[in-house]
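Engineer: compute the structure for the input listed below.
(4 chains)
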Protein chains: 4
Amino acid sequence: MKGFLYPRTATGLASLVPAPPWHYSGDLITVEYRTDPARVAELLPAPLLPAADDPGAVALIWADWQSCGDTGEELLDPVRAQYKECFAVVRCSFEGRTYSRCVYIWVDKDFALARGLHQGYPKKLGSIHQTRPHPFGPAPRIEPGARFGATLAAADRRLAEAVITLTGPSESNGFVNAHPMAHHRWMPSIEPGGQAPLDELVESGAAAFEAGTPWAAEATLALFESPTEELARLEAHEIIGAYYRQVGVTWNGGRVLS
Amino acid sequence: MKGFLYPRTATGLASLVPAPPWHYSGDLITVEYRTDPARVAELLPAPLLPAADDPGAVALIWADWQSCGDTGEELLDPVRAQYKECFAVVRCSFEGRTYSRCVYIWVDKDFALARGLHQGYPKKLGSIHQTRPHPFGPAPRIEPGARFGATLAAADRRLAEAVITLTGPSESNGFVNAHPMAHHRWMPSIEPGGQAPLDELVESGAAAFEAGTPWAAEATLALFESPTEELARLEAHEIIGAYYRQVGVTWNGGRVLS
Amino acid sequence: MKGFLYPRTATGLASLVPAPPWHYSGDLITVEYRTDPARVAELLPAPLLPAADDPGAVALIWADWQSCGDTGEELLDPVRAQYKECFAVVRCSFEGRTYSRCVYIWVDKDFALARGLHQGYPKKLGSIHQTRPHPFGPAPRIEPGARFGATLAAADRRLAEAVITLTGPSESNGFVNAHPMAHHRWMPSIEPGGQAPLDELVESGAAAFEAGTPWAAEATLALFESPTEELARLEAHEIIGAYYRQVGVTWNGGRVLS
Amino acid sequence: MKGFLYPRTATGLASLVPAPPWHYSGDLITVEYRTDPARVAELLPAPLLPAADDPGAVALIWADWQSCGDTGEELLDPVRAQYKECFAVVRCSFEGRTYSRCVYIWVDKDFALARGLHQGYPKKLGSIHQTRPHPFGPAPRIEPGARFGATLAAADRRLAEAVITLTGPSESNGFVNAHPMAHHRWMPSIEPGGQAPLDELVESGAAAFEAGTPWAAEATLALFESPTEELARLEAHEIIGAYYRQVGVTWNGGRVLS
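Structural biologist: The predicted structure is shown next:
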């Protein structure tokens, strides 16, 4: 049987995603803030530990992507290439090294959700929007004073909204999502009460990366309650900073940590 | 960490689905047909073998569901309970026993997709529609001569469409999807070239089942090509039969076959 | 040029909707409540007057429809027949007669939106869900104690949610949406500051109607603020009653009142 | 009653769109081709006449927009600003002057559909996608050899797909959509057989316009049949040319021609 992911077939054609490497072009809106460190710590299963420095830091990130496998064919049938996502990242420590860790994420396409399963991103479906820069008309340029909105909803409820106002070029794009990712891949047993047959801690990061100058920004952020979500539990006590950046990324696998 | 599925948290509330049992109310439109048995056989990884009898039989099934966990709370926030799906089922043999096996399936909600991951259904997102019976106005009653349409699309392309015309009550709802399901659960290694850490053959079936009288029907069926799908490769050489049935089902886990 | 509505062509085939009559099968969840009568009155342009009796009464109605033109062909390609809507109805008086009037309405398909333009319903797009009755499994039967949820969202924000609990058969399905509809059809001038070329008060109602027994219900209702909606301005001071009913309706035009 | 469009209220806030001017930032992919001139002529109601020169020319245009009213607030809640559309434009003659005329158009948001009603665009809902340029990663830059895909679907069926390959900067962005628009605004009578109360021929164009250099391109184009659409009737006999351009536009009303 061929195919990187299901459905696996004689040809492999129907696989929901092709094998890595996966390539991405996209724009990132990042809002970094501090929450109660206990709310971050409770999302870190052993043996992960809270980051030693600024353990309550959270990055809420919106991304507007075009992506493809090595053939690039998805780019010419863009319903198969384009997707948006919003995700919350915290930091943690494993064997003395600092990792980033995505604790919540929503995307708007199935191929993106499936790639997340492989990578250990806990993806749900959502409705994600972010203002796009444009050289003409009322949409913003990437320049001082430019304002970008970003929103997230799932199951017909708004979960988050942010507005950022660019202030100027920046040396960094933030520090929370700046480490290799440490994620769990998990599948419960098909047998009630059985041991999970998949329970891995994995590490991965970009295999290739190019990007424009990050822009720093001021931000407002609001998180909203929902009966099925816990994002608002990471309540924003203090905005640390915000960023806008255009990037090109390749992802090509990772390794098992434990 | 709590939660049946990801994202796993301190409370377990955010899990994309609650732990089984899962309960379903729904209407099924089934079209059974014969394709080239080799096209079925090529979808059966060893040690699965083709069914001894009628090995080219396929059931293409549309289902319009309302579903929930044990609390039933999803039913009162129906965006979280309602979904539709279309799936192709074949039969196979394992250790001398006949199983049904879903080889392709499309659903329209993330919670349904996630349950499928657990159960070994190879779920993608799609757009699924089927005529609903209704006691008044132009929609059909469940009675002789009533006609129901059913369609499937994914990535903005129509993949399948059927029309069935009820002829009368039936003893069965078909024979292809009538066995326990034998599915694979599969996750490739995070390490390129590594061995898949999850590669299980699992069996499951209904833990509880109630249903109305099946209705037999005549059917027309058309399958369409797509650059990312292989459903049309199971081309319909001959219609065997078609059925309409209303059911209530509970699913509560299964067991590992190998 | 042929075609009931745009795009009008040589054949008329592409028209967004066929000419009436239009036929509907559907389930209605109605919640009647009292708001400040001034909030109703401010939605009644002259020469409409508030209803003499109970002028603050509002009906918020969810409907789950299958619809078609005279050929019925849409029913067999159900993506073209099925839609859901949620709408707010008040009463008013014109030349001494009482009318119902839809003041806000959201639907989830373009053909439904277009029919609304013709009928004077002020339709926007939204995401509408309501629990469906089912004879098996966890979904409710239509019987005492059965509970149905109903929700409305637009632009990624939840606008309304209700839960009703059936108490028993009822003589009526409510009194607010029980009169002929008095709607405005309005198109502003293409010339800034010009006089609207379409500004009609029209009356219409069902050309044919069949229905099951209405069921009375108890209800909870919540309305939510949105920057682009005014539904929550019709705040619920007191629930009058709630109802569940299955209906078949034909609409076949109306007449100009002024 | 206030509000540019329905629902009209005491405050005007709920209007589906604010009053013009409307401002747009967007990217246009244009494919110009020749069809049978009779197929264009049959879409021109009297007193419109076919264009004297190249009367079978058609432009099929994809656009990826961000739009807003004068406050610009939609840009910061981008679910209310962003939409995509695909539309077919032909030319015609009225009183000796050449006009462009949109004969078919699909959009993916209700506010865009409503603006089209006002402007005389015969808008339906569809699913529209086009590759976006990006400075990093696999998505194309705007440069020679860059390839962009564009697709259209409605009611779960693909209606059109194109791929363009940029060749170099161009003096024009095509000639078919280069004139003021001549559109009909039409509403049938609420009374069966009655005279349409709105049947206007209107002209409008951009009130302000800025744009980048157009890029010429080679193109492939495929149109597909659908039971409810007539786009494929404008079959492509010969590709004339293709273009990519980024624009900023303001629309602020028009005038009645007849």
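Engineer: what parts of the stretch 151-258 of chain A come near chain C?
Structural biologist: Within the stretch 151-258 of chain A, the positions lying close to chain C (Cβ under 8 Å from any Cβ of the partner chain) are A:Thr151, A:Ala153, A:Asp156, A:Arg157, A:Arg158. Any C-beta I mention is one placed from the backbone N, CA and C, and that applies to glycine too.
Engineer: so what's the last one up against?
Structural biologist: Read it as A:Arg158. With contacts defined as Cβ atoms under 8 Å, 6 or more residues apart in numbering or on different chains, the neighbours of A:Arg158 are A:Thr151, A:Leu152, A:Phe224, C:Asp156, C:Arg157, C:Arg158.
Engineer: got a winner among those residues for most neighbours?
Structural biologist: Across the contacts of A:Arg158, the neighbour count under other Cβ atoms under 10 Å in any protein chain shown reaches its highest value at A:Leu152, namely 29 neighbours.
Engineer: what is the burial count for the closest residue to A:Arg233 other than its chain neighbours?
Structural biologist: With sequence-adjacent residues excluded and distances taken as Cβ to Cβ, 6 or more residues apart in numbering or on different chains, A:Arg233 is closest to A:Arg39, at 5.8 Å. A total of 18 residues lie near A:Arg39 under the criterion other Cβ under 10 Å.
Engineer: mind listing what's buried in stretch A:211-230?
Structural biologist: By neighbour count on 16 or more other Cβ atoms under 10 Å in any protein chain shown, the buried set for stretch A:211-230 is A:212, A:214-217, A:219, A:221, A:223-224, A:226, A:228-230.
Engineer: which two among these are spaced furthest apart?
Structural biologist: When those are compared pair by pair using Cβ to Cβ, the farthest-apart members prove to be A:Gly212 and A:Thr228, with a separation of 36.3 Å.
Engineer: and the stretch 1-150 of chain A, which of its residues are near chain D?
Structural biologist: When proximity is defined by Cβ under 8 Å from any Cβ, the stretch 1-150 of chain A lies next to chain D at A:23-27, A:66-68, A:72, A:75-79, A:81-82, A:127, A:129-132, A:134-140, A:147-150.
Engineer: please repeat the previous calculation with a cut-off of 6 Å.
Structural biologist: A:23-25, A:66, A:68, A:72, A:75-79, A:129, A:131, A:134-139, A:149 (Cβ under 6 Å from any Cβ of the partner chain).
Engineer: ok, and which of those reach chain B?
Structural biologist: A:Val79.
Engineer: the residues of the stretch 1-150 of chain A next to chain D in helices, which ones?
Structural biologist: Restricting these to those inside helices, with DSSP state H as the criterion, leaves an empty set.
Engineer: out of the residues of the stretch 1-150 of chain A next to chain D, which end up buried?
Structural biologist: If you count burial by 16+ other Cβ under 10 Å, the buried members of the residues of the stretch 1-150 of chain A next to chain D come out as A:23-25, A:66, A:68, A:75-79, A:129, A:131, A:134, A:136-139, A:149.
Engineer: what number of residues are in the vicinity of whatever residue of the stretch 151-258 of chain A ends up closest to chain D?
Structural biologist: Distances from the stretch 151-258 of chain A to chain D, computed as Cβ to the nearest Cβ, single out A:Gly248 as the nearest residue at 2.6 Å. A:Gly248 has 21 neighbours, counted by other Cβ under 10 Å.
Engineer: so what's it up against?
Structural biologist: When the contact criterion is Cβ atoms under 6 Å, 6 or more residues apart in numbering or on different chains, the partners of A:Gly248 are A:Ser25, A:Glu210, D:Phe136, D:Gly137.
Engineer: what's the pLDDT at the second one?
Structural biologist: Going back to what we said before, that points to A:Glu210. A:Glu210 is assigned a pLDDT of 98 by the prediction.
Engineer: please apply the same query to A:Leu159.
Structural biologist: Confidence per residue is given as pLDDT, and for A:Leu159 that number is 98.
Engineer: so where does the closest residue to A:Gly254 other than its chain neighbours fall, helix or strand?
Structural biologist: Excluding its sequence neighbours, the residue lying closest to A:Gly254 (Cβ to Cβ, 6+ apart) is A:Ser204, at 2.7 Å. In the assignment (DSSP states H and E), A:Ser204 maps to strand A:198-211.
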